[in-house]
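Novice: quick one: sequence plus predicted model below, questions after.
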Amino acid sequence: MENWQEISEDIVESLLEDGSNPEKLYEVEHHFVCENFDKLEEAALAAFKLGYDVEEPAELELEDGGKIWGFDIVVEAELNAEVIMEDVAKLVAIAQQTGVEYDGWGTYFQD
């Protein structure tokens, strides 16, 4: 979790340094991936049961031409690493319990 804390702080700091508006709510997209669709579906169901907005899974193509399954969870949140880390902690736990990979989060610059 220490690694995710550092990454989250870096993302937030970079957006704020670039002038992104700290007063707005952001759509934060948390990414999950797995080669096994059934495990991915299990993770999506677990997140849904916790009240998260789970997007439809999709087959993704890797740089090497391989295929993997993925889905996103979208959460509205303040641009604050501590707030975002509350969701990260819950979602990483789901990933570990279901055998999928939590592949980080992202959001977009807002004026």
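Specialist: Looks like it came in fine. Residues are numbered from 1 along each chain as shown.

Novice: the spatially most central residue of the chain in helix, strand or coil?
Specialist: Nearest to the mean C-alpha position of the chain, by C-alpha atoms, centre = their mean, lies His30 at 1.2 Å. Three-state assignment for His30 (DSSP: H, G, I helix; E, B strand; the rest coil): strand.

Novice: just checking, what packs against the lengthiest helix in the chain?
Specialist: The residue-count maximum for a helix in the chain (DSSP state H) belongs to helix 81-98. If you count contacts as 3 or more C-beta pairs under 8 Å, 6 or more residues apart in numbering; DSSP states H and E, helix 81-98 packs onto helix 2-17, strand 25-34, helix 37-49, strand 67-78, strand 101-106. Just so you know, the C-beta spots here come from the backbone N, C-alpha and C atoms, and that holds for glycine as well.

Novice: what lines up beside the fourth one in the sheet?
Specialist: If I follow you right, that is strand 67-78. Note on strand 67-78: by DSSP bridges, its sheet partners are strand 25-34 (antiparallel), strand 53-54 (antiparallel), strand 58-61 (antiparallel).

Novice: mean confidence for the last one?
Specialist: This means strand 58-61. Averaged across strand 58-61, pLDDT comes to 92.

Novice: now do the same contact list for Pro22.
Specialist: Counting by C-beta atoms under 8 Å, 6 or more residues apart in numbering, Pro22 touches Leu16, Glu78, Leu79.

Novice: cheers, nothing more for now.
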